[in-house]
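[1] fold the following for me, if possible:
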Amino acid sequence: MACPSIAASFVMNKPDPLNALAVAAIDSFGKRNRKRSGQKVKVEEQLEKAAEQPTADDVGSRRDASHCIPGPRQPSPPLPCRIGRFRVESIAGQGGFAIVYCAFDEVLCRNVALKVVKRKTIADLEKVSFQIREAQAVARLSHPNIVPLYEVVEDADQFCLVSEYCEGVTLADWLEEHPGPCAPQVAVEIVQQLAAAIAHAHSRGLVHRDVKPENILLVPVERRVSSLELVPRLTDFGLVRDLRTPVDEKHDGLLGTLDYMAPEQIMLGPENHGAAADIYTLGVLLYRMLVGRLPHEGLNALGIIRSTCSDGIVAPRSLLPQVSRDLNAVCLKCLQKDPEQRYESAQLLAADLENWQQDRPVAARPQAFSERCFHGIRRAPIQAGLVLLIFVLSFVTALALAGLNRQLEVNSHKLQQAFGKAQDREWDARRNERKANELLIESEKHQLQAVNAVYQMEIPRGFKALARNCPCDALAICRSLATYVGDTIPLGIDYRILHGLASQDWVNLHQSERSIEEVVRVPNRPWVVSAGEAGQVWIHNYLTGEAVAEITYEAGTSIYALACSADGTKLAVGRAWSPDALRENSINTVCIERLDDFSVDESLVVLEGFDTTVESLAFSPDGTQLAIGTRYEPIQIRSLLPDQNTVVRTELAGPGGLLRRNESLSFMAGGKRLLVNRVKGTMSICHPESGEELRVWEMPNRPARWALSPDERWLACDVEATDNVEVYHFDKGLRSAPKLRFILTGLAAGKNFLDFSPSGERLAVGQANGAIAVWNLPIQRKGRNRKPVELEPFYDVVLHHASVTSIAMLSEDEIVSGAKMGSCVINRIPVARTRLAAASDLPTQCAALTPDGDHVYLGAHDGRLMRVDVDTSETTEVLPAQGSPLVYLSVAPNGKWLGVAWENGKTALLDRERQELCFEQMAQGEIERRPNPVGILFSGDSRRMLVANAIDVIQSWDLSAWPGDSRAANSPAPEKSPFPIDTLLLEREAESMQFSADGQLLIYGGRAEELRSVQLNDSAESILMSGPQNATSLHWDHSRELCWVGYRDGRVRTFDRQGNCVLESPLMSRSSFHTVGEGSEHASVTALTLSADGKYLFTGDSNGRLLLWNAAELKLIAELSDGQQAGQVNALQLSQDGKTLMYHQLKPDDSLGHGLNLVRM
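    Presented below is the predicted three-dimensional model:
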């Protein structure tokens, strides 16, 4: 107990309120000096061992400890055997108002601590109320550093708190046994864990108010979670304050232990006891453990109160320099007089203590940057070294970057300058590029203009080549245009017409690299054989142009002679083989090849023993002998019988051993005679077996080559001294010399190659200029002393670009020829150029082409209507003879309708799809008096048909009212018109008419010097254009709204819909490529049509000429027909696909045959 004299002196000098406070403080001070009793666990060695650990990380695992409640030693009461279900085993401790027993819970089988309070007096009841409040508080807590409460047991005599039983000692016992300072690590670890427990209690709204060493148990643990092997556990919540409930405490003394009380606990009432009071208590506890004494000391309770409330605190570091500055700051922050200056919460205190443990800066003492760096280095030297290294590297890098930056600035400046120059150059490049593009566009424009100019120049050249009968030149121009122009501009109709005409009636079988030296016909087969210096033999079918076979000899071979046997089974080939390509070193042989079996690779017979080139070969009619003519050597006749093919039966040498060329040989008289070229302008007939000359005669001129007709009546000779070919006739057979009858003139200078047709009535000559000319040999009248007659060829065409080297007539109108340039051509003599040979020879009056170009309708002089298939020439009669000429035909643009008009005024409409007559009518009234139909027109939509039954009377048939195809097939035409027919009288006579695009405007022209238009809806008529000549033909360009008009003076004009003359052609003479002045001879334009693209205009005139124009300039391109086929062109049409051009010529009445002509493109 405290000294009574101190208490008395304190009470005498203070007012009443302070007296009461002093009495309570003295009482508390006395209690502090009271000796403790209870069981102690010796843990000094464990604490000393933990204090020696340098850090918290090195401390081992904990062990569980028992709970003991210390108290003053009093006489022990008798030990009860049981309290409820608990079996009491011993007394764990004894306090002023409660006893703590160690008991065993027989139900849950565990050791527990029983805190028992007796209910005997009113004071005991107050104690029970404290215990109930403690139980309620502890029941709300759950923390590893707080001793948990299991349950409350009470009866009429006593009140028990059942809690966990912890083995161990109190912190007060340990400090009493070790009065000196504790290791800072141990002190901080204990206080940090207690601060966490207090923070937990504060979070539940509870303030302990009595945290002191006596209420802290040190419990061993099995598994260490910190640097200590003992866990501090807080107990005795008897003075706890619930912050969530109003203050109802009625206590006149101080609540708590004076040594550990905060100033507000001493000076103020319970309502001011907050969380800061427990933080202050933790600071006192930390100070006590660090320094070894309390921060406030006094001789009595009053001194302690004064020291606590007013005196300053000596810093722990002043008493013990080993205490760090951070820990010293933490401790002093907890012991601040003003609660506002302490830690805001126990959680922040625990965090600061943990920072100190981890050697991190604490919030209680802000550190300078240098100090933080020092602590950081000391705490993590490796990381600090890395940071320093990074800093050094960064500094070095910064210096380097600074240097680089300066260099970059310099380079950037240079780069900007270079970029500026580059930009200038880019602009220059773009400007140059634009200029280049402009120049390219300009050059392309010029190129296009040049290509167009070339095209416009070459097309007329091609047609002029055709006019000169040079289709090979025209075809070469077509190939050149297709190669060099076709990729730039589209090839037009003029090109297609030129190509079609140039390739008409002839075909190039093959093209050799070297000269073709010989061509022969294979008897009894449609084959032709050709060979030459390339050393190959080609066999073709001359009807189809397809290759049949090819015979190839070794390299270095040249072939100069061919011959076929009469039965067509053997082919004799005169070949020369030279290893060095020199003719004088050649090995000359004659190979006999089989033509009936090409599967055999080897020759049938090989004849040898020829010193010079084999120039001619001839089979005997029976095929058993072969005559062989070599250059300047005797003619040999070899036997082809088995086992005799090496026997030379006869050698025919020139007279007196004179040398001669043997370019021609021919058996005569069924193989009993041989015709040879003797020497010096003489020819002879020899016996093939004996070699005897049976007949020798002098020739007027020296022949170089000759040909004998198959009937042995004619002998044609190419004369060396002149450019003529002489034709001799064997008047008396072989009994006398032949007589000169004809001289063929008009040949080109140079060698000529000859051959007769199978009938012997025609002679074909291949010339040095590449031309093929054909003569008809007239029948000779008997008489003497007749002079030779000069003949002109009826057919002359140039098919080769080099001289002809061989020729053979396959039939009367088919010729095969070879040339020096290696071309081998088959051509057919046409009956009429661009003429379709229809089956009927009836004279025709008119024609109409279907839009698809597949059929042509022909109107005959006797009134028949015929349909001709363009591809097959098959002719079908559609309508029989009508007794009057059929004078006009027209096919509707959709191809469904066919309009027909006869000279007697009869008009009919046919359905082309059903091939039947829809309606027909005879001329009546005004029309009957003046029948003479002008024409039939269909509108562009094929819904209206105009019939000009007279020169100024028009009928309009409304085909849109046609009832359709409901009538039965082949039913007779109705007597009454099935659609409306309107009659319109024109103001002028009409010779030509045309519809506008919409079908509402009729344009017509006649003898009057004007072009007129009629609105069909109201019959309003107006003058479209006045001109000097009469309009004879019209064509309306629907897409461009232009009208093309042909005139009687031969001109062509183009008008727009307003009547303005847009284009006008010059006056043309009868020769198409020459213009004439006014009043000169000319032909009227009787028909014209325009191509679908509007680029080309076709015109036909009264002389029968067919002309092709450039529609954009009205410039004449070509004359497609020269008009020599008598008769004006009265119909001219082009198919919709532009591949078929039809024109019809109106022949004189006494002419036979139709006037239909077709040009296929």
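
[2] in contact with the closest residue to Ala502 other than its chain neighbours, which residues?
    Excluding its sequence neighbours, the residue lying closest to Ala502 (CB to CB, 6 or more residues apart in numbering) is Ala474, at 3.7 Å. Bear in mind the C-beta positions are built from the backbone N, C-alpha and C, glycine included. Residues in contact with Ala474 (CB atoms under 8 Å, 6 or more residues apart in numbering) are Gly462, Phe463, Ala465, Leu466, Leu498, Leu501, Ala502.

[3] ok, of those residues, which one's closest to Val600?
    Ala502 (40.9 Å; CB to CB).

[4] residues near the closest one, how many?
    22 (other CB atoms under 10 Å).

[5] repeat that for Gln383.
    Counted with other CB under 10 Å, Gln383 comes out at 11.

[6] just the element for it, please.
    In this structure, Gln383 sits in helix 381-467 according to DSSP states H and E.

[7] now whichever helix or strand comes after that helix: average pLDDT?
    Helices and strands here follow DSSP H and E; after helix 381-467, the next one along the chain is helix 471-484. Mean pLDDT, computed over helix 471-484, is 90.

[8] from the middle of its chain, how far away would helix 471-484 be?
    37 Å (CA atoms, centre = their mean, to the nearest Å).

[9] ok, and what's touching the following helix or strand past that helix?
    Downstream of helix 471-484, the first helix or strand assigned by DSSP H and E is helix 493-502. Helix 493-502 has contacts (CB under 8 Å, 6+ apart) with 455, 459, 462-463, 465-466, 471-472, 474-475, 477-478, 481-482, 833-834, 1091, 1095-1096, 1108, 1117-1118, 1120, 1134, 1138-1139, 1141, 1159-1161.

[10] got it, and stretch 1109-1118?
    456, 459-460, 462-464, 466, 494, 497-498, 1052, 1054, 1063-1065, 1068, 1072-1073, 1090-1091, 1094-1099, 1107-1108.

[11] just the buried ones from those residues?
    Applying 16 or more other CB atoms under 10 Å to those, the neighbour count classes 459-460, 462-464, 466, 494, 497-498, 1052, 1054, 1063, 1065, 1068, 1072, 1090-1091, 1096-1099, 1107-1108 as buried.

[12] from Glu214, how far off is Ala137?
    The spacing between Ala137 and Glu214, counted by CB to CB, to the nearest Å, is 18 Å.

[13] I'd like the average pLDDT over stretch 810-823.
    93.

[14] typed the wrong thing, it's stretch 321-336
    Stretch 321-336 comes out at a mean pLDDT of 92.

[15] and it, how far out from the chain's middle?
    82 Å.

[16] re earlier: ChimeraX command for the buried members of the contacts of helix 493-502?
    To isolate the buried ones among the contacts of helix 493-502 in ChimeraX, judged by 16+ other CB under 10 Å, type:
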select :455,459,462,463,465,466,471,472,474,475,477,478,481,833,834,1091,1096,1108,1117,1118,1120,1134,1138,1139,1141,1159,1160,1161
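
[17] the helices in the stretch 51-200 of the chain, which residues?
    122-139, 171-177, 184-203 (DSSP state H, counting those that start in this stretch).

[18] how far does the one helix or strand Ile279 maps to sit from the chain's center?
    Ile279 is part of helix 275-291 when elements are defined by DSSP H and E. Its chain's C-alpha centre and that of helix 275-291 lie 85 Å apart, by CA atoms, centre = their mean.

[19] buried sites along the helix or strand just after that helix?
    As assigned by DSSP H and E, the chain's next helix or strand after helix 275-291 is helix 301-309. In terms of neighbour count (16+ other CB under 10 Å), helix 301-309 has its buried residues at Ala301, Leu302, Gly303, Ile304, Ile305, Ser307, Thr308.

[20] distance check, the residue nearest to Ala502 against Ala771.
    Relative to Ala771, and taking CB to CB, Ala474 is found at 14 Å.

[21] go on, Leu299?
    From Leu299 to Ala771 the distance is 159 Å (CB to CB).

[22] swap in Gly269?
    Relative to Ala771, and taking CB to CB, Gly269 is found at 147 Å.

[23] number of nearby residues for the closest residue to Pro339 other than its chain neighbours?
    Leaving out its chain neighbours, the residue that sits closest to Pro339 by CB to CB, 6+ apart is Ala276, at 3.5 Å. By other CB under 10 Å, the residues close to Ala276 number 24.

[24] now swap in Thr397 and tell me
    12.

[25] ok, the residue nearest to His208 when sequence neighbours are not counted - contacts?
    Among residues not flanking His208 along the chain, Asp278 sits closest, at 5.3 Å (CB to CB, 6+ apart). Contacts for Asp278 (CB under 8 Å, 6+ apart) come out as Ile198, Ala201, His202, Val207, His208, Arg209, Val211, Ala346.

[26] could you rerun that using 7 Å?
    Ile198, Val207, His208, Val211, Ala346 (CB atoms under 7 Å, 6 or more residues apart in numbering).

[27] tell me the one of those residues nearest Thr745?
    Ala346 (143.1 Å).

[28] that closest one: how many residues sit nearby?
    Residues near Ala346, counting by other CB under 10 Å: 24.

[29] surely it and His202 touch.
    Yes - in this structure Ala346 lies within contact range of His202 using CB atoms under 7 Å: 5.7 Å.

[30] just to be sure, Asn328 is in a helix?
    Yes - Asn328 sits within a helix when classified using DSSP: H, G, I helix; E, B strand; the rest coil.

[31] is it true that it touches Pro316?
    Yes - contact criterion CB under 7 Å: Asn328 and Pro316 qualify, at 5.3 Å.

[32] these two: which is more packed in?
    Taking other CB under 10 Å, Asn328 and Pro316 do not tie; Pro316 has more neighbours (29 against 21).
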